[in-house]
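Peer 1: The sequence and its predicted three-dimensional model are supplied below.
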Amino acid sequence: LLPILNYPDPRLRTIAKPVKEVTAEIKTLIADMIETMYDAQGIGLAASQVDHHIQLIVMDLSEDKNSPRVFINPKVTPLVEEKQPYEEGCLSVPDVYDKVERPNKVRIEALDENGEKIDEEVEGLLAVCIQHEMDHLNGVIFVDYLSRLKQTRARDKVRKVIKIREKQGEH
Ligand SMILES: O=C(O)C[C@@H](Cc1ccccc1)[C@H](O)SCc1ccccc1
Ligand SMILES: [Zn+2]
């Protein structure tokens with residue numbers, strides 16, 4: 001399992017670099033990220049969140065948690081002007097949930113773990129999630145869209161959750 005950086009860790013603000021070649025190390029990182037995502041009950045995870053600053057996202061929206069997707073050097077283009085709110089959470093901001101407005105339909109262009117091209121139009125939760133993960137690769141966290149007051153509350157909340165987790169020791 002990989003340690004997930006917690007807000008407001010400044011490393012989460014690093015801009016991820018493009019992946020030049022899908023090396024064996026990157027394939028290992030992909031496997032580790034998928035395992036870490038499942039363990040943390042996430043449906044997405046960006047490499048930035050595990051302190052690897054490359055353009056790599058893993059995601060699994062399936063019920064049985066058995067169809068992970070990999071997006072390398074992703075590019076997301078909104079296909080609609082209209083934005084819709086969605087109650088977002090983030091593995092780097094534990095126990096904080098709040099509404100964020102995003103375009104509900106986007107185009108994803110990326111490479112998969114075999115270097116094959118991905119070019120899809122997606123909507124709904126997949127569209128929300130890929131935009132949330134893309135933000136991570138650009139050093140943006142969903143709380144950045146919230147009010148200053150909510151950002152302060154989020155910082156306090158994360159501090160408490162981390163203290164409790166440290167007391168409980170590694171589960
Ligand atoms: O931290 C992450 O990037 C994982 C995010 C991905 C995500 C954010 C907002 C909306 C959908 C997905 C979540 O922590 S995964 C947990 C989760 C699951 C379903 C709905 C919201 C959050
Ligand atoms: Zn997140």
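Peer 2: Cool, the structure landed. Ligands and ions are numbered 1, 2, ... in the order given.

Peer 1: The strand ranked longest in the chain pairs with which strands?
Peer 2: In the chain, taking DSSP state E as the definition, the longest strand is strand 69-78. For strand 69-78, the pairing partners within the sheet under DSSP bridges are strand 56-59 (antiparallel), strand 105-111 (antiparallel).

Peer 1: roughly how far apart are Asp60 and ligand 1?
Peer 2: 10 Å (Cβ to the nearest ligand atom, to the nearest Å). Every residue, glycine included, has its C-beta placed from N, CA and C.

Peer 1: what residues does the helix or strand that the longest strand of the chain is followed by touch?
Peer 2: Counting by DSSP states H and E, the element after strand 69-78 in chain order, helix or strand, is strand 83-88. Strand 83-88 has contacts (Cβ atoms under 8 Å, 6 or more residues apart in numbering) with 97-104, 125, 128, 132, 142.

Peer 1: circling back: can you list the residues that contact the longest strand of the chain?
Peer 2: The contact list for strand 69-78 (Cβ under 8 Å, 6+ apart) reads 18-19, 22, 30, 55-60, 103, 105-113, 115, 118, 130-131, 133-134, 137.

Peer 1: and those residues, which are buried?
Peer 2: Among these, the ones that count as buried by 16 or more other Cβ atoms under 10 Å are 19, 22, 30, 55-60, 103, 106, 108, 110-111, 113, 130-131, 133-134, 137.

Peer 1: close to ligand 1, is the longest strand of the chain?
Peer 2: No: judged by Cβ under 6 Å from any ligand atom, strand 69-78 and ligand 1 are separated, with a smallest distance of 12.5 Å.
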